[in-house]
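Engineer: Quick check, what structure comes out for this input:
(one chain, ligands or ions: 1)
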Amino acid sequence: MANRLTAAAAAARQRYVDEHPRSAALAAQASTVLPGGNTRSVLHIEPFGFRVAGAEGPWLHDVDGHTYLDLLGDYSAGLLGRCADIAAVIAGVLERGWSYGAMSEPEAVFAEAVVGRFPSIDQVRFTNSGSEANVMALLTARHVTARQRAVVFDGAYHGGPLYFGPGGDRLRVPFEFAVLPYNDIEAVAAELTANGERIACVLVEPMLGAGGCIPAQPEFLAALRERTVASGALLIFDEVMTSRLALGGAQELLDIVPDMTTLGKYLAGGLSFGAFGGRRDVMAAFDPNSGGLTHGGTFNNNAFTMAVGAEVSTLIAAAELDALNRRGDDLRNSLNACFGDSPLPFQALGWGSLLNVHPCPGLVARPADLAAADPAWRELFFHDLLAAGFYVAPRGYMALTLDVTDAHVASFVAAVQTFLDARRSLA
Ligand code: PMP
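Structural biologist: Numbering: from 1, shown residues only. Below you'll find the model as predicted:
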């Protein structure tokens with residue numbers, strides 16, 4: 001059976017190769033100057049990633065003439081879709097000019113919107129990516145506590161140099177980390193007992209995003225809040241992904257206020273963006289008049305990101321976010337209903353508009369619970385859905401955008417049902 005599954009996945013991969021000759025040629029050409037023709041590892045598809053020619057609304061067009069319904073939403077950065085309002089703001093910057101090397105009005109407007117949204121953020125600093133925001137948050141916590149060690153969780157992704165999944169240690173910033181199992185408060189309690197006086201912070205995603213869309217148990221996060229207060233460590237929520245679950249992010253939904261929060265992805269409408277913020281007394285360290293810390297970055301306040309970010313708060317209403325997250329919940333429930341009626345070993349995890357389909361049944365509290373997932377099922381699911389015109393991440397991840405409608409979602413559920421029927425004999 002396993003051999004038939006592997007053979008089916010290999011055949012699907014070959015079909016993909018055959019159907020993407022122009023992408024293959026561009027990938028080969030790119031490989032001479034980019035390692036493997038790639039500059040963003042997650043976009044690699046075996047044996048080469050397809051090349052996009054353009055995009056409009058929820059549609060992606062590749063250079064081989066295929067059109068896909070984009071259910072990946074640029075890994076969450078594309079939440080707002082490809083809307084005319086953002087294009088107009090960018091056009092405004094083009095008209096006014098850019099690269100000032102000085103401050104402009106929109107950065108404070110953007111910062112006010114961020115501070116207004118997230119309960120834990122009194123003050124904020126902008127960066128160029130979520131990765132940078134998390135590195136800065138860790139460094140800030142180490143500075144203000146005068147402690148070195150950070151608690152993080154197995155399978156977490158906080159950015160390129162802060163990956164705690166398989167192989168992540170090879171390119172990780174060389175800080176002192178305690179890497180603990182997610183959703184395991186006993187492990188955190190033991191670590192705090194053993195090393196509490198050396199622990200600067202606990203950095204946690206309210207839902208492991210890249211780790212498979214595994215939500216934290218609310219009591220786990222509540223216990224982290226309680227225990228970090230007791231030990232004098234800062235609690236940092238990485239809401240790069242989860243900030244989209246409500247206007248105030250997961251922290252608002254859970255009613256837990258961390259000391260610091262990191263942000264990224266969609267908050268600048270799909271342009272390069274990251275931010276770290278938190279309690280006023282913590283962020284005061286960056287006040288050039290009195291704080292003593294410097295935080296450089298030529299593009300921290302680049303004209304495009306600031307102008308779009310300042311507008312995003314007016315473009316996303318709470319009701320719209322709620323509707324998007326309800327659509328995601330409905331999609332997850334519909335998929336799980338299909339999977340429940342099928343002999344194939346699938347389930348969908350996630351929270352609101354962030355989902356991940358896994359070829360692995362059973363309860364999942366941490367990435368180790370996904371160990372039985374067969375990569376051949378992942379590959380087959382990805383290729384069959386791509387061939388049917390639906391783009392999700394090769395790992396099964398999806399992030400709905402505001403361009404995706406109920407009708408789009410229904411067409412995807414129907415395509416997944418077709419996949420389950422067509423591949424039923426591989427069960
Ligand atoms: N934190 C989380 C939770 C993320 O999902 C990501 C990106 N996937 C990052 C941090 C890093 O953000 P960026 O890609 O902007 O560096």
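
Engineer: Name the residue of the stretch 101-250 of the chain that lies nearest to the ligand.
Structural biologist: Nearest to the ligand, among the residues of the stretch 101-250 of the chain, is residue 130, at 2.4 Å (Cβ to the nearest ligand atom). C-beta coordinates here come from the backbone N, C-alpha and C atoms, glycine included.

Engineer: What separation do you get for residue 399 and residue 367?
Structural biologist: 19 Å (Cβ to Cβ, to the nearest Å).

Engineer: Those two: who's more crowded?
Structural biologist: Between residue 399 and residue 367, residue 399 has the larger neighbour count (other Cβ atoms under 10 Å), namely 30 against 22.

Engineer: And the more buried one, how far from residue 292?
Structural biologist: From residue 399 to residue 292 the distance is 38 Å (Cβ to Cβ).

Engineer: circling back to that earlier point, so what's the residue count around the residue of the stretch 101-250 of the chain closest to the ligand?
Structural biologist: Neighbours of residue 130 using other Cβ under 10 Å come to 28.

Engineer: just residue 427 next, same as before
Structural biologist: Quick note: residue 427 (other Cβ under 10 Å) scores 11 neighbours.

Engineer: For the residue nearest to it when sequence neighbours are not counted, pull up the helix or strand it's in.
Structural biologist: Distances taken as Cβ to Cβ, 6 or more residues apart in numbering put residue 343 closest to residue 427, at 3.8 Å, once the chain neighbours are dropped. Using DSSP states H and E, residue 343 maps to neither a helix nor a strand.

Engineer: and if you look at residue 410?
Structural biologist: Taking DSSP H and E as the definition, one finds residue 410 inside helix 406-422.

Engineer: what residues does the stretch 151-300 of the chain put near the ligand?
Structural biologist: Residues of the stretch 151-300 of the chain lying close to the ligand (Cβ under 6 Å from any ligand atom) are 157-159, 205, 209-210, 238, 240-241, 264, 274.

Engineer: how about the helices of this structure, start to end?
Structural biologist: For the chain, applying DSSP state H gives helices covering 2-19, 21-30, 84-96, 106-117, 130-145, 185-195, 218-231, 249-254, 280-283, 303-315, 318-340, 375-387, 406-422.

Engineer: Touching the second one from outside, list them.
Structural biologist: With contact meaning Cβ atoms under 8 Å, 6 or more residues apart in numbering, helix 21-30 is reached by 17, 37-38, 48-51, 62-64.

Engineer: count of residues packed around residue 330?
Structural biologist: The tally of other residues near residue 330 (other Cβ under 10 Å) stands at 14.

Engineer: Sorry, slip of the keys, the one I care about is residue 124.
Structural biologist: Residue 124: 21 neighbours (other Cβ under 10 Å).

Engineer: And for the one 4 residues further on?
Structural biologist: Other residues near residue 128 number 19, with proximity taken as other Cβ under 10 Å.

Engineer: now this protein, which segments are flagged as low pLDDT?
Structural biologist: Confidence mapping of the chain against pLDDT under 70 gives the ranges 1.

Engineer: Without its sequence neighbours, what residue ends up closest to the residue most central in space within it?
Structural biologist: The centroid of the chain falls nearest to residue 241 when counting by Cα atoms, centre = their mean (4.2 Å). Excluding the flanking residues, the one nearest residue 241 by Cβ to Cβ, 6+ apart is residue 209, at 3.8 Å.

Engineer: Quick check: can you list the domain ranges of the protein?
Structural biologist: Domain assignment for the chain by automatic domain parsing gives 2-80+320-426, 84-315.

Engineer: so of the ones you listed, which one's packed in deepest?
Structural biologist: Of all those, domain 84-315 has the most neighbours on average by mean count of other Cβ atoms under 10 Å, namely a mean of 19.

Engineer: picking up where we left off before, ok now do the residue of the stretch 101-250 of the chain closest to the ligand, which residues does it touch?
Structural biologist: If you count contacts by Cβ under 8 Å, 6+ apart, residue 130 has them with 158-159, 238, 240, 262-265, 274.

Engineer: Strands - which of those residues land there?
Structural biologist: Using DSSP state E, the subset of those located in strands is 238, 262-264, 274.
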